[in-house]
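# A predicted structure for the sequence below; I have some questions about it.
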Amino acid sequence: MDFLIFKAPMLMVQASLDGILLGILFALIAYGMALQWGVMNIINIAQGDLVILGGYIAYTIYLWGIHPAWGVIISPIIMFFVGWGLYKLVINKVVDRDLFISILATFGIAIVFQQLMNFIFGADVVVAQSEYGTTMLFDNSVTLPNSKIFSAFISVLYAFALVIYMKKSRLGRAIRATAQNARAAKILGVDTEKVYAATFGINAALCGIAGALISITLTLHPYVGLPYTVRSFMIVIVAGLGNLPAVAVSGMGLGLFEEFADYILGTEFRIGAVFLLLVLILVYRRFKLSKKREYLK
Amino acid sequence: MEKVKQKDLILYSGLIILGLAAPYLFSAFKVQLTYLCVLIVLAMTWNLQGGEMGYNTFGNILFYGLGMYLTASVQVGMFFPLAEWTESGGEKTFVHTTAQYFQGIGVGLLVSAIIPAIIAGAIGYAILGLRGHYFAICTLGLGIAAGEIAGGIEIIGAGQGFTTPPFPAEIVDTEARGKFFYFLSFALLVGTFVFVKYIYGSRFKLILNAIRDNEDKAEAMGIQTMKYKIVGWMCSAFFCGLAGGIMGGLIGYIDSTDVAFDGREMGVFMVLMAILGGKGTLWGPVIGATLFHFFKEGLWTLILGWQYVALGVLIVVIVVYFPEGLMGWLREKYPEKFGEVIDDKDRKAQVELK
């Protein structure tokens, strides 16, 4: 263990900035998860793998010589159809079933995705170079890659666009109506089947954006999807469904936690710390809820 | 429990004789048979959780991995310094004598059964309070966190793995190693089966089922659900730890995420096998594990490289189309064989309802 971070306050600034910028990205993925959890009552274990797939799409266009930043436009379009297809193929059969069935089914999808990505893109760690340079702050003691700032900016942009879309558009209103009461929405003429497919598609598209951003800020590897799923799950259960400001704040909180855990515990325990935090949050939540139950008695 | 029927007696004695004769009949497949025994044990203990109690766990892999590390650590640590063993090539500098090896593995297995059970009891109160999918995700997190953390701890080999003590070289018989691990795992299988069978005839199973069907109601009926849930989990942990210990010795090498806390393979297999056979039945996991093992061994080599794709597709297909498993399907088709009497009026009424 290394407590360098407490000796050099500048490292704290560095970790905080990194954490917040990273957290905004996590919040975007979590927003997608909250959307489909709220509307379809499905927990998608393949969420992280959709993210990585989106990242690989951006990486592919980078290999073709196009700037990877275009991935934030191309990748969501492709991913929307991937999500739509996935819904038509598997998800529509698990929507009204036990939640555990959806967990297991999406777990199976996750394994398939991981392996296919491993075949197509290889098992190496890859990164798409954006060549945006870095910003130096505080006498060059804090370095901030411009790509991270770019990714946070794009995430915020897309999140706002989505919120406005959900509020104003016809499909957005249909989605919200279905989330409130699927049966009533059906009676009033909403094609819930289409709404579900669109929701899953939008979720996949959000994953695509996040993946494209990850391809330029972090690294891609076929098997790193699950941590993203767990992160977004964590953010959603802390923030609640359909509460965007809370999702953003808890996303940033998670980003901060991770960066600090990285400095304090060491990089090898980073993923372990994320999963342990998940367990701790769930256990905390369980004791909070059980108190409420006792009170109700 | 009612007295064992004659038909059952023939079946069980036949199976035991088959089990005892198997390593001589299929001499080349001893390792596979050992795997099969361990897989059945894992599926049966998962079934106690997921099938009977309704708590679908991905976390039994935690106890399996713990058992693996504990057995190996005790086996080494009893006679040699553990840190030097794992540092580099310890198995070449220090050599277990025959007596040391068997003492070590005996004590190691004992520890690997008891400590996971204690850990299950200790964390049970916090974890088993979670319901439904929260429990599933939490246990998934536990298993992966354990793997990641074990991969960072130096004394058990960290990322480069832990070589378990090799089988004593003084035993000249080349078949001895395979036989030893087979009979060990077969004994474990028989022990687990007898235990689970005993549970199936007891009040404990009814309580677990009550928890599965409606936990709040069970609580309202005066059952201390938490106590039973923890005991159920401890039973699973006990056998999972033992299974892990045996597997560690058999494989001979422990890696934190690929062998011990192997959520991607073992952790999924045990769920899949139980569901394939039919969860909530005594024989379902046994049949499911056997079928799965045959399928896996038969196809894995044919579709080399694509096996995980096949596994993923298999999971989706089984979960989406056969959530009741083989036994559930049989039960629906031939309810009479399962001792369920349905008269024609009832059946007609059900058809009309559908």
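Yep, that arrived.

# and the next element down the chain from the longest helix along chain B?
As assigned by DSSP state H, the longest helix anywhere in chain B is helix B:98-127. Using DSSP states H and E, the helix or strand that directly follows helix B:98-127 along the chain is helix B:132-150.

# so does that next one get close to chain A?
Yes: judged by C-beta under 8 Å from any C-beta of the partner chain, helix B:132-150 and chain A are in contact via B:132-134, B:136-138, B:140-142, B:144-145, B:148-149. Just so you know, the C-beta spots here come from the backbone N, C-alpha and C atoms, and that holds for glycine as well.

# from the residues you listed, which would you call buried?
B:His133, B:Tyr134, B:Ala136, B:Ile137, B:Cys138, B:Leu140, B:Gly141, B:Leu142, B:Ile144, B:Ala145, B:Glu148, B:Ile149 (16 or more other C-beta atoms under 10 Å in any protein chain shown).

# Contacts only, for the first one.
I take that to be B:His133. Neighbouring residues of B:His133 by C-beta atoms under 8 Å, 6 or more residues apart in numbering or on different chains: A:Ile43, A:Leu99, A:Phe100, A:Ile103.

# Please apply the same query to A:Ala123.
A:His221, A:Pro222.

# distance of it from chain B?
The gap separating A:Ala123 from chain B is 12 Å, by C-beta to the nearest C-beta, to the nearest Å.

# and that residue, that one's in a helix?
No: remark: A:Ala123 does not belong to a helix; assigned using DSSP: H, G, I helix; E, B strand; the rest coil, it is coil.

# any idea how far A:Val224 is from it?
11 Å (C-beta to C-beta, to the nearest Å).

# Mind jotting down where the strands sit in chain B?
With strands called from DSSP state E, chain B shows them at B:162-163, B:253-254.

# elements contacting the first one?
Taking 3 or more C-beta pairs under 8 Å, 6 or more residues apart in numbering or on different chains; DSSP states H and E as contact, the helices and strands that strand B:162-163 lies on are helix B:60-77, strand B:253-254.

# Just want the angle from the first one to helix B:98-127.
Same thing as helix B:60-77. Angle of helix B:60-77 versus helix B:98-127, following axes from the mean of the first three to the mean of the last three C-alpha atoms, to 10 degrees, is 150 degrees.

# quick one: helix B:60-77 to chain centroid distance?
Here helix B:60-77 is found 14 Å from its chain centre; the criterion is C-alpha atoms, centre = their mean, to the nearest Å.

# how about the residues of helix B:132-150 next to chain A in TSV, adding distance to B:Tyr321?
Below are those laid out as TSV (distance: C-beta to C-beta, whole Å):
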residue	distance to B:Tyr321
B:Gly132	22
B:His133	21
B:Tyr134	26
B:Ala136	20
B:Ile137	24
B:Cys138	28
B:Leu140	23
B:Gly141	28
B:Leu142	29
B:Ile144	28
B:Ala145	33
B:Glu148	34
B:Ile149	37
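
# Nearest to B:Val196 among those residues?
B:Ala136 (22.0 Å; C-beta to C-beta).

# Just confirm that closest one contacts B:Phe58, I think it does.
Yes: counting by C-beta atoms under 8 Å, B:Ala136 touches B:Phe58, with 6.1 Å between them.

# on that earlier part again, highest mean neighbour count out of the strands of chain B?
Ranked by mean neighbour count, these are led by strand B:162-163 with a mean of 22 (mean count of other C-beta atoms under 10 Å in any protein chain shown).

# Tell me which residues are up against that one.
Against strand B:162-163 from outside (C-beta under 8 Å, 6+ apart): B:Tyr69, B:Ala72, B:Ser73, B:Thr86, B:Gly90, B:Glu91, B:Ile156, B:Gly157, B:Gly252, B:Tyr253, B:Ile254, B:Asp255.

# switch to 10 Å and redo it
By C-beta atoms under 10 Å, 6 or more residues apart in numbering or on different chains, the list of residues contacting strand B:162-163 from outside reads B:68-69, B:72-73, B:76, B:82, B:85-86, B:89-92, B:150, B:155-157, B:248, B:252-256, B:259-260.

# Adjacent strands (with direction) for it?
Counting by DSSP bridges, the strands paired with strand B:162-163 are strand B:253-254 (antiparallel).

# Off-centre distance for stretch B:84-104?
27 Å.

# gap between the two ends of it?
One end of stretch B:84-104 to the other measures 17 Å (C-alpha to C-alpha, to the nearest Å).

# do it and chain A meet?
No: figure legend: stretch B:84-104 not in contact with chain A (C-beta under 10 Å from any C-beta of the partner chain); closest approach 15.9 Å.

# if we look at that stretch, which residues are touching it?
With C-beta under 10 Å, 6+ apart as the criterion, stretch B:84-104 contacts B:71-83, B:105, B:153-158, B:160-171, B:180, B:249, B:252-254.

# make it 8 Å
Contacts of stretch B:84-104 (C-beta under 8 Å, 6+ apart): B:74-76, B:78-80, B:154-158, B:162-163, B:165-171.

# And the residue lying closest to A:Ile74 once chain neighbours are set aside, what's its pLDDT?
Nearest in space to A:Ile74, with sequence neighbours left out and distances taken as C-beta to C-beta, 6 or more residues apart in numbering or on different chains, is A:Ile61 at 6.0 Å. With respect to pLDDT, A:Ile61 has a value of 88.

# Many thanks, have a good one.
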